[in-house]
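Undergrad: Pasting a predicted model and its sequence here:
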Amino acid sequence: MQAGLVLAEINAVALVAVIALVVIGGGVAVVAAFTRRDTNNAIGYLSRETVKRDRAADISPLGQVGSGREIERLAEAERKGELAPAGAPGAVAPFVPPDPDAIGVTRRQFFNRSIVAFMGLGLSGFGAAVVAFLWPQPKGGFGSKIRVGKIADIQAQIEAGKGFYYVPEGRMWITSYPIGAIEKAKAVYPQAVLNALEAGVCPLYQKCPHLGCRVPSCPTSQWFECPCHGSQYNQAGEKKGGPAPRGMDRFATEVSDGVLTVDTGTVIQGPPIGVNTTGQEAEGPHCVGAGGGH
């Protein structure tokens, strides 16, 4: 009994669905028919000003003054092929190729030219970068040998800077190095670094070996302390704390006739963690965090 009721309900739902589809389909067909009829018989209406101008001008193809509606009817009849073209019956007008300038740029041409233009721009930029990389660097400035000056003058600058002397041309710091620590330094540093240390000065690359930040001096602790991540170094650039993997890098140096020359194009990696040839500890409060042995 229950199965029969369920089957009857399903049949009723199916019948309602079929009737709904028939009604919707019929409505769509009627709307489409009326729309097609309106489209085929559509004639616009001109404003009074346009109609007045049409009457004042001889724009009729028959050489007579016609109204706007007449002109629209003629255009509609010509579009449907109901109006024979002017000229001899059966005559075919010769083909005249269109003017490319009148046609303009097609979509395909536009995209093709755009792709070529972008490729040319990219190759030009790449070529300029290669030329700039291979172009010889001018003499002087960072990357070349810099004549810093006489050792006595450098020491005076260090004292005037309260332990630190910054040379912007070479992106370097210069500090004093104790002569009593030379023997320990010989076991750690190459001769290119020892040349300046033996003269009593220590040139250091300003860049932190951790992530490349510029390391400033701290006047209270008399250390170098990086503000980016807290790495700390003594005046000899030897690591005292923070995440840096080594001490501050340095340059190859020469001392001739008491004059210091620093080759900023030759960077020498700083000493490993744990090196402390001078034994200098913090002389006051730290500018960045607290020192820790890492």
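TA: Cool, got the structure. Predicted model, so just to flag it, every value in this text is computed and none were measured. Numbering: from 1, shown residues only.
Undergrad: In this protein, what helix or strand scores lowest on average pLDDT?
TA: Within the chain, judged by mean pLDDT, DSSP states H and E, the helix or strand with the poorest mean is helix 2-40; its value is a mean of 57.
Undergrad: which of the residues in stretch 146-153 are buried?
TA: By neighbour count with 16 or more other C-beta atoms under 10 Å, stretch 146-153 contains the buried residues 146, 148-149, 151. The C-beta positions use only the backbone N, C-alpha and C, and glycine is treated the same way.
Undergrad: Between all of those, which two are separated the most?
TA: Using C-beta to C-beta, the two most remote members of the buried residues of stretch 146-153 are 146 and 151, lying 14.7 Å apart.
Undergrad: what are the pairing partners of the biggest strand by length in the chain, and which direction each?
TA: In the chain, with assignment by DSSP state E, the single longest strand is strand 259-268. Listed by DSSP bridges, the sheet partners of strand 259-268 and their directions read strand 145-150 (antiparallel), strand 250-256 (antiparallel).
Undergrad: Helix, strand or coil: sort out the spatially closest residue to residue 282 that is not a sequence neighbour for me.
TA: Taking C-beta to C-beta, 6 or more residues apart in numbering as the measure, residue 282 lies nearest to residue 221, with 4.3 Å between them; neighbours along the chain are not counted. Classification of residue 221 into helix, strand or coil gives coil, according to DSSP: H, G, I helix; E, B strand; the rest coil.
Undergrad: which residues of the stretch 151-294 of the chain fall in helices?
TA: In the stretch 151-294 of the chain, helices defined by DSSP state H, counting those that start in this stretch lie at 151-160, 182-186, 191-197, listed in chain order.
Undergrad: Output these in TSV, with distance to residue 69 appended to each entry.
TA: Conversion of those to TSV gives the following (distance: least, C-beta to C-beta, whole Å):
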stretch	distance to residue 69
helix 151-160	98
helix 182-186	106
helix 191-197	99
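Undergrad: Show me what the mean pLDDT comes to for stretch 279-287.
TA: The predicted model assigns stretch 279-287 a mean pLDDT of 91.
Undergrad: Put the alpha carbons of that stretch into CSV.
TA: Taking only C-alpha atoms (Å, rounded to 0.1, in the frame of the first residue of the first chain), the coordinates of stretch 279-287 have been written out as CSV:
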residue,chain,number,x,y,z
GLY,A,279,91.6,40.8,25.6
GLN,A,280,89.4,43.9,25.5
GLU,A,281,86.1,43.6,27.4
ALA,A,282,83.2,46.1,27.4
GLU,A,283,84.2,49.3,29.1
GLY,A,284,80.7,50.5,29.9
PRO,A,285,77.0,50.0,29.1
HIS,A,286,76.1,48.4,25.8
CYS,A,287,74.3,50.3,23.1
